[in-house]
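Participant: Compute the structure for the input listed below.
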Amino acid sequence: MLLRRVVISAKTALSRMAKARHPSDLCEKTVFLDGYNTIITVESLLTGYPVYLCDDGFVRDTRGLFRRYRAGTVTFSAIDEILRLLCEAGSSRVEVLLDAQISRSGELAGELRRLMAERHLPGDAQCVRDVDHQLKICGGVVASSDGNVIDCAKEAIDLPAEIARRQGLIPRIV
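Facilitator: Down below sits the predicted model:
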């Protein structure tokens, strides 16, 4: 697999870092979660696939699964870690956005709603055709590692990086 390094300007990297929030900053805030982006990256962490700490401070995976993604055995471990972190942070609401184009997104959205209700975590999980656009205009804290989304967000959190820290996992540096 050919790995391309994306070089961004120092100004862009600093802008993204300035938007980065710590879990303690989520207390009483609504978090808009880039569902597949975050789940796939946390799955990569949990299964030992490489994840990278990029020059803008965000952790990313490089598996490129997007449309070929299928929920597997580690998916619910990843979701559990994500929801646990959001509950502990005291988020007032979590809006999970899943790409409708990915097979079985509706089933995963239903399971996410059930798991959030079990944890008494207010929010919703929905399938939409334009996740990136919705995240760019939401106006709340965005949980994503997509640079284009972060550039438009007022605040962003890197949940995979926080989960890696909690588990003592060290991403490769790019």
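Participant: Can you give me the neighbour number for Gly57?
Facilitator: 18 (other C-beta atoms under 10 Å). Just so you know, the C-beta spots here come from the backbone N, C-alpha and C atoms, and that holds for glycine as well.
Participant: can you pull out the helices in this protein?
Facilitator: Taking DSSP state H as the test, the helices found in the chain are 10-19, 35-47, 75-89, 105-118, 131-137, 147-152, 159-167.
Participant: Confidence-wise, which of those helices is weakest overall?
Facilitator: Across these, helix 10-19 has the smallest mean pLDDT, namely a mean of 61.
Participant: contacting residues around the residue nearest the centre of the chain?
Facilitator: Against the mean C-alpha coordinate of the chain, by C-alpha atoms, centre = their mean, the closest residue is Thr38 at 2.7 Å. Neighbour list for Thr38: 82, 143-145, 159-160 [criterion: C-beta atoms under 8 Å, 6 or more residues apart in numbering].
Participant: switch the cut-off to 7 Å
Facilitator: Residues near Thr38 by C-beta atoms under 7 Å, 6 or more residues apart in numbering: 82, 143-144, 159-160.
Participant: got it, and Arg113?
Facilitator: Taking C-beta under 7 Å, 6+ apart as the test, what Arg113 contacts is 124-125.
Participant: what about it, distance to Val94?
Facilitator: Taking C-beta to C-beta, to the nearest Å as the measure, Arg113 falls 10 Å from Val94.
Participant: next one: Leu108
Facilitator: 15 Å.
Participant: who has more neighbours, these two?
Facilitator: A side-by-side neighbour count of Leu108 and Val94, using other C-beta under 10 Å, places Val94 first with 26 against 23.
Participant: Quickly list what the more buried one is bridged to.
Facilitator: Val31, Gly123 (DSSP bridges).
Participant: from memory it sits against Leu33, does it?
Facilitator: Yes: between Val94 and Leu33 there is a contact under C-beta atoms under 7 Å: 6.0 Å.
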